[in-house]
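Trainee: Here's my sequence, what's the structure:
(one chain, ligands or ions: 1)
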Amino acid sequence: MSQSIYPPSSEFSAKAHVSGMEGYNALYEKAKDDPEAFWGELAEKELFWFEKWNHVFEWNPPFVKWFAGGKTNVSYNCVDRHLTTPRKNKVAILWEGEPGDQRMITYQELHRLVSRFANVLKARGFKEGDRAIVYMPMVPELPVALLACARLGITHSVVFGGFSAEALKARIQDLDAGVVITADGGWRRGKEVRLKDAVDESLAGCPSVKDVIVLKRTGSNVTMKEGRDHWWHDLDATASEDCPAVPLDSEHPLYVLYTSGTTGKPKGILHTTGGYLLQATMTMKWVFDLKEEDTYWCTADIGWVTGHSYIVYGPLSAGATSVMYEGAPDFPAFDRFWRIVEKYRVTTFYTSPTAIRALLRQGDQWPNMHDLSSLRLLGSVGEPINPAAWEWYHRVIGKGRCPIVDTWWQTETGAIMIAPMPGAVPLKPGSGTLPLPGILPDIVDFNGIPMEEGREGFLIVRRPWPSMLRTLWGDPERYKENYWSRIPGIYFTGDAARRDADGYYWILGRVDDVMNVSGHRLSTMEVESALVRHPAVAEAAVVGRPHEITGQAVCCFVTLKKGDYDPAVLGKELRQWVAHEIGAFARPEEIRFTEGLPKTRSGKIMRRLLREIVTSNAVTGDVTTLEDMGSITRLAAQHDEE
Ligand code: WT7
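Mentor: Got it, this is the predicted structure:
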């Protein structure tokens, strides 16, 4: 554990939304003692409601409703309500494409774009309660599509552009979506990511899809299916700019976002309206200390929850200027991020430890080529940040002036849960520090008994919070089982953590079979099921192995069916196969062929053992339940030969 402590500077504190530990403690205590009053007052003050709610929350474990009976609209809160304020001509979305093209969309312009596209959806017959799949590059029409859906009460599900046609199809089917909103392609490292082709491939077997709306981004050749496929610009050209936001129940489903669980089937995390938006909005102020004059940039992709809450909904609801970049951080050179920071005078920069480590490795000359003096606050998300990366981020990017907010949260939590309020809470590199107001985490053992200070245990959350997931789409049983049964009635995060003498939280990583590759969650089981779908594969076991840049790398142990194979050729083919089945980001780093897999007598693959092999190449601990000791020895020996 690091010894260094970084208290907020007095200049930062003086101007912050929340100043000093007294400020933090007062909010935290109020939320803890009277959550109803705390959240009720914030909801009234921070959001627009068509009709007020009956109860702040209703908790029927494990199901919760926030502001039930209240009527609001996320699109109205993110766009319309700013139009009667001086923000009307403020840039809402400051966009840069990978090739260098740029667009600055004000709140008024955003209102026109969103209203027109909502009318397009309406004209095609889509309405409250329908579902839309959004599979787009990082272009302004992506948030426009989300806000148009939200305006009408169409539940959206964004599928990250890096997912394959197979993964896309599974999500369309699970959601029974009526419309797919996509583009011809997008730019990534100078190459086109062809999205429409993947949509075409996925749609065989998706009878629910009536319409595909295609944005022209790259201008490359795509096939348009008569009657089903329509160009965005054709439909949009004649659409009216008048499309009032529909008053929706506070618990109306805003979006479903699929994330990896411990089985091969992704989980559809459901987020709803009022509570989600309130917490996304509040965390913008508490954690990013958002000021009217800030230029705020979250480098995530909108395909992940970070982009939903901290590129689209949080920033726009709070009236921010939100920067959006289409492409890769290393294109055309390793200074792309710093070039963008300098060009737009970015004040607040939020990225992942993976990106920081990758850029750190390229050397200080890249950031040093640029004037980064506009920065005042830095953020980190997705995985624990190691001290070396933290230190570099603080010194070379923040020039020692900028607090770093290390934000712990999950797709399920909807918004940041544990993070410093930068004008109040002293930082310790590698710790998310303290929980935000209204969040009651704890660290417990198998029986739910709180752990002593400094001891490792399961991270849990004791009380429902506004932006909590409501259920898993179409599978309330799995929702109960996954999150609320390990310790009955208490939210189980799947993370291990410990708490130090100051009450600071230190996240130690997942305790389930979920890997974290570049801050993206990936299930070992999902990769295994993809592998065994390949005709040559008999069995597969997948583990995450520590990786210098990406945190973890996908490592696969594979046994083959009878046949003659060239391991080098097949290894390459299997890596490509996984990329095709799931997406390029899931491509395994390593495939190891083996004659047998270590199993317990009941036939369960011993992943712990495999993890040890890939981590240290040494096997320790109790292996007496192994069926075939030989297979382990052979695995270890094979590694020595490589
Ligand atoms: C898992 C959630 C919501 C952010 C993007 C990832 C890990 C996330 C941190 C952090 C240590 C972190 C946890 C968590 N994680 N942020 N600041 N420090 N670990 O969302 O895919 O839902 O993954 O990411 O293990 O459970 P996700």
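Trainee: how deep is Pro332 tucked in, by neighbour count?
Mentor: Neighbour count for Pro332, taken as other C-beta atoms under 10 Å: 14. (Glycine included, C-beta is placed from N, CA and C.)
Trainee: ok, and the closest non-adjacent residue to it?
Mentor: Distances taken as C-beta to C-beta, 6 or more residues apart in numbering put Gly190 closest to Pro332, at 7.2 Å, once the chain neighbours are dropped.
Trainee: Same check on Pro422?
Mentor: Spatial nearest neighbour of Pro422, excluding adjacent residues (C-beta to C-beta, 6+ apart): Pro403 at 4.0 Å.
Trainee: Which of the three states applies to the residue in the stretch 351-500 of the chain positioned nearest to the ligand?
Mentor: Here the residue of the stretch 351-500 of the chain nearest the ligand is Thr411; by C-beta to the nearest ligand atom that distance is 3.4 Å. Look at Thr411: counting by DSSP: H, G, I helix; E, B strand; the rest coil, its state is coil.
Trainee: check contacts around it.
Mentor: Thr411 makes contacts with 257, 259, 269, 304-305, 469, 521, as judged by C-beta atoms under 8 Å, 6 or more residues apart in numbering.
Trainee: State the distance from it to Ala123.
Mentor: Separation of Thr411 from Ala123 (C-beta to C-beta, to the nearest Å): 32 Å.
Trainee: Any stretches of the stretch 1-150 of the chain with poor pLDDT?
Mentor: Along the stretch 1-150 of the chain, the model assigns pLDDT under 70 to residues 1-3.
Trainee: how about the residues of it near the ligand?
Mentor: Counting by C-beta under 6 Å from any ligand atom, no residue of the stretch 1-150 of the chain lies close to the ligand.
Trainee: quick revisit: any figure for the gap between the residue of the stretch 351-500 of the chain closest to the ligand and Met468?
Mentor: 11 Å.
Trainee: Check which residues of stretch 389-409 are buried.
Mentor: 389-394, 396-398, 402-409 (16 or more other C-beta atoms under 10 Å).
Trainee: Just these: which are in helices?
Mentor: 389-392 (DSSP state H).
Trainee: returning to that earlier point: for the contacts of Thr411, which one is nearest the ligand?
Mentor: Arg521 (3.5 Å).
Trainee: Does the closest one lie in a helix or a strand, and which?
Mentor: Element membership for Arg521 (DSSP states H and E) is strand 520-523.
Trainee: Could you spell out the sheet neighbours of that strand, each with its direction?
Mentor: Here strand 520-523 has these sheet partners by DSSP bridges: strand 514-517 (antiparallel).
Trainee: which of the buried residues of stretch 389-409 come close to the ligand?
Mentor: Okay, of the buried residues of stretch 389-409 touching the ligand (C-beta under 6 Å from any ligand atom), that's 406-409.
Trainee: residue ranges with poor pLDDT in the protein?
Mentor: Counting by pLDDT under 70, the ranges of the chain that qualify are 1-3, 617-642.
Trainee: and it, which residues reach the ligand?
Mentor: Contact residues, the chain versus the ligand (C-beta under 6 Å from any ligand atom): 259, 305-306, 381-384, 406-411, 432, 493-495, 507, 509-510, 516, 519, 521.
Trainee: hmm, back to that, following element in sequence after the strand holding Arg521, please.
Mentor: Assigned by DSSP H and E, the successor of strand 520-523 is helix 524-532.
Trainee: Do a quick rundown of the strands in the stretch 201-350 of the chain.
Mentor: All strands of the stretch 201-350 of the chain, identified by DSSP state E, counting those that start in this stretch, fall at 211-215, 229-231, 248-249, 255-259, 267-271, 295-298, 321-325, 348-351.
Trainee: Within the sheet, what are the partner strands of the third one, with directions?
Mentor: In the sheet containing strand 248-249, the strands it pairs with under DSSP bridges are strand 71-72 (antiparallel).
Trainee: what's the answer for the last one, then?
Mentor: Strands that pair with strand 348-351, judged by DSSP bridges, come out as strand 295-298 (parallel), strand 377-381 (parallel).
Trainee: Give me the next element, helix or strand, following it.
Mentor: Strand 348-351 is succeeded, C-terminally, by helix 353-360 (DSSP H and E).
Trainee: Between strand 377-381 and that next one, find me the angle.
Mentor: 120 degrees (axes from the mean of the first three to the mean of the last three C-alpha atoms, to 10 degrees).
Trainee: Identify the residues contacting helix 353-360?
Mentor: With C-beta under 8 Å, 6+ apart, helix 353-360 has contacts from 299, 329-330, 334, 337, 366-367, 380, 382-386, 388-389, 392-393, 396, 518-519, 548-551.
Trainee: Could you report the neighbour count for Leu461?
Mentor: For the record, residue 461 is Val, not Leu. Count around Val461 with other C-beta under 10 Å applied: 21.
Trainee: ok and whichever helix in the chain runs longest relative to strand 321-325, angle-wise?
Mentor: Counting by DSSP H, the longest helix found in the chain is helix 107-123. An angle of 60 degrees separates the directions of helix 107-123 and strand 321-325 when computed by the same axes, to 10 degrees.
Trainee: Give me the buried positions along helix 107-123.
Mentor: Buried-residue list, helix 107-123, by 16+ other C-beta under 10 Å: 107-122.
Trainee: again with stretch 277-293
Mentor: Neighbour-count burial for stretch 277-293, counted by 16+ other C-beta under 10 Å, picks out 277-291.
Trainee: from what I can see the residue nearest to Pro422 touches Leu427, true?
Mentor: Yes: at 6.2 Å, Pro403 and Leu427 qualify as touching, with contact defined as C-beta atoms under 8 Å.
Trainee: Find residues that contact each of these two.
Mentor: Joint contacts of Pro403 and Leu427 (C-beta under 8 Å, 6+ apart) are 6, 420.
Trainee: what's near enough to touch Phe288?
Mentor: Per C-beta under 8 Å, 6+ apart, neighbours of Phe288: 294, 296, 348, 350, 377, 379, 405.
Trainee: again but with Ser260, I slipped
Mentor: So Ser260 contacts 266-267, 514, 521-523, 526 (C-beta under 8 Å, 6+ apart).
Trainee: again with Asp294
Mentor: 288, 320-321, 347-348.
Trainee: Mean neighbour count added to the strands of the stretch 201-350 of the chain, as TSV?
Mentor: TSV is the format used below for the strands of the stretch 201-350 of the chain (neighbours: other C-beta atoms under 10 Å):
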stretch	mean neighbour count
strand 211-215	22
strand 229-231	17
strand 248-249	22
strand 255-259	24
strand 267-271	24
strand 295-298	24
strand 321-325	24
strand 348-351	25
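Trainee: quick revisit: and which of the contacts of Ser260 is nearest the ligand?
Mentor: Among those, Arg521 lies closest to the ligand (C-beta to the nearest ligand atom), at 3.5 Å.
Trainee: Spatially nearest residue to that closest one, not counting backbone neighbours?
Mentor: Distances taken as C-beta to C-beta, 6+ apart put Ser260 closest to Arg521, at 4.8 Å, once the chain neighbours are dropped.
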